[in-house]
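Engineer: dropping the sequence and predicted coords here.
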Amino acid sequence: MNPFRTFIFHTRLWILPAGILWLFLLGINLEIGFLRFETVDAIYYRELAMDFMAGIPMTIDGLLNARDNPFSPYPPGYPVLLGLTAQIGGGSMNWPVHIVLHALLAILLIVIWQGRLSLLPLAVLFFTDSVTALAAVGISEFSFIIFSILAVFSLTRLQFHSQPGWQITLFLSLSAALLTRYAGIFLLPLVLYRWFFMLKENREKASVFLFPVIVFVFLAVMLFGIQWMDTGLLTGGDRYPNSDSASVLMVSLLTALFNQACIFRDFSGSSWISFFSGAGMNILFVWLIFRSYKFESLAYVPVYQDESHELFRKTLSHNLLVAGIIYLAFITGLRWHYYFAEYYDNRLLAPGTCLIWLGLLVRREKEISALPFFVKMGFLLTATIFLIPWKFLI
């Protein structure tokens, strides 16, 4: 093989320019995009982060819940994470600090992931509209996605290697997801699901899940218990019954799911040119992946070729898909029952659909790796064009 192609196909140095490009696109969206960072929730998170940095209770000034207690409906993990990262910026919490935090979280995931799998599925996921748009909202949902992926990855590794390190990684990932968003409780059914099937196969091996599960349940009980004692409510804030009609919610859900199925752009607010060009690129990209056997002679040779790799890859794909389905079922039912400030949108659904997207990409890892270099770079450039804020597109 040509030395240049050998260098391209057998090293992972491409992740550096790809990562820098993604962070650059993120900065563009934060600076001149929709100003989505300045949402009400984002302002509250900044206030709570400043409370943490000042060493005072994290509550929203001037607001009480229905029980006349301090109002703090947000889990403490994200304000703490935001406050700690703000120290890097000398106490500032402007968007460059968020860029730093995005980079640190991405590096954490890459370092753990690359020990067993190609980085290509992660690269494709990061350059989708859902992930970039969520990252531009702030860091809460993005960090939640990272911690959820790490939890599923650690769970899968623990199935194959009963090492204390993976037990601790699983517990830390589960805890970080829960402390970032209360919806992180959705990961518990996934762990129990996997533990149940392992119990039937090998009772002794299944016992490695007991420590992470027991400690995670203890943390959840403690977190919700403290909130109950402090505010009189499990999550600190008032939850009102949903007042929207079933037809309105169904239309919102179907529209949001359609948007999530699109790789390059949320099409619900796009122009016709953007819609058809993006849809065409979606179809072409998927077609190339499924037809990649024609490019076998150009194929990238996987770094990981041991006998257990194939089984690990398929198991991880399965776990990611199950996790995504559990999350979507959980959040869909929760929004159907309770009133939220928004309908079904990217913020609510993307954590689940990103897990499903990643599960599908991991399942097709060989096919993606077999695509010629110019096709992979073509995807990257196409995604870059579509991820630039829409007002700069025709």
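Structural biologist: Looks like it arrived, so ask away.
Engineer: next, the spatially most central residue of the chain: secondary structure please.
Structural biologist: Geometric centre of the chain, nearest residue: Ile145, 2.0 Å, by C-alpha atoms, centre = their mean. For Ile145, the assignment made with DSSP: H, G, I helix; E, B strand; the rest coil gives helix.
Engineer: right, and it touches Thr353 too?
Structural biologist: No: with contact defined as C-beta atoms under 8 Å, Ile145 does not reach Thr353; the gap is 10.1 Å. Placement of C-beta: from N, CA and C, glycine included.
Engineer: show residues contacting stretch 249-259.
Structural biologist: Stretch 249-259 is contacted by residues 242, 266-268, 332, 335-336, 343-346, 348-349, 353 when judged by C-beta atoms under 8 Å, 6 or more residues apart in numbering.
Engineer: any weak-confidence spans in the stretch 201-350 of the chain?
Structural biologist: The stretch 201-350 of the chain contains residues with pLDDT under 70 at 236-238, 269-271, 290-307.
Engineer: CA-only coordinates of stretch 180-194 in PDB, if you can.
Structural biologist: C-alpha atoms of stretch 180-194 as PDB (Å, rounded to 0.1, in the frame of the first residue of the first chain):
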ATOM      1  CA  THR A 180     -26.200  16.300  35.300                       C
ATOM      2  CA  ARG A 181     -29.800  15.500  34.500                       C
ATOM      3  CA  TYR A 182     -32.400  13.700  36.600                       C
ATOM      4  CA  ALA A 183     -33.300  11.700  33.500                       C
ATOM      5  CA  GLY A 184     -30.100   9.800  34.000                       C
ATOM      6  CA  ILE A 185     -32.200   7.400  36.100                       C
ATOM      7  CA  PHE A 186     -33.100   5.800  32.700                       C
ATOM      8  CA  LEU A 187     -29.700   4.000  32.800                       C
ATOM      9  CA  LEU A 188     -30.700   1.900  35.700                       C
ATOM     10  CA  PRO A 189     -33.200  -0.300  33.700                       C
ATOM     11  CA  LEU A 190     -30.400  -0.800  31.100                       C
ATOM     12  CA  VAL A 191     -28.000  -2.100  33.700                       C
ATOM     13  CA  LEU A 192     -30.600  -4.300  35.300                       C
ATOM     14  CA  TYR A 193     -31.600  -5.600  31.800                       C
ATOM     15  CA  ARG A 194     -28.000  -6.600  31.100                       C
END
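Engineer: buried ones in that stretch?
Structural biologist: Thr180, Arg181, Tyr182, Ala183, Gly184, Ile185, Phe186, Leu187, Leu188, Leu190, Val191, Arg194 (16 or more other C-beta atoms under 10 Å).
Engineer: quick check: chain neighbours aside, which residue is closest to the fourth one?
Structural biologist: Spatial nearest neighbour of Ala183, chain neighbours left out: Ile331 (6.3 Å); criterion: C-beta to C-beta, 6 or more residues apart in numbering.
Engineer: and the helix or strand in which that neighbour is found, what's buried?
Structural biologist: Assessed by DSSP states H and E, Ile331 sits inside helix 307-337. Within helix 307-337, the residues scored as buried using 16+ other C-beta under 10 Å are 312-313, 315-324, 326-328, 330-332, 334-335.
Engineer: what is whichever helix or strand comes after it packed up against?
Structural biologist: Per DSSP H and E, helix 307-337 leads on to helix 346-363 as the next helix or strand towards the C-terminus. Here helix 346-363 touches helix 120-126, helix 129-137, helix 140-160, helix 246-260, helix 307-337, going by 3 or more C-beta pairs under 8 Å, 6 or more residues apart in numbering; DSSP states H and E.
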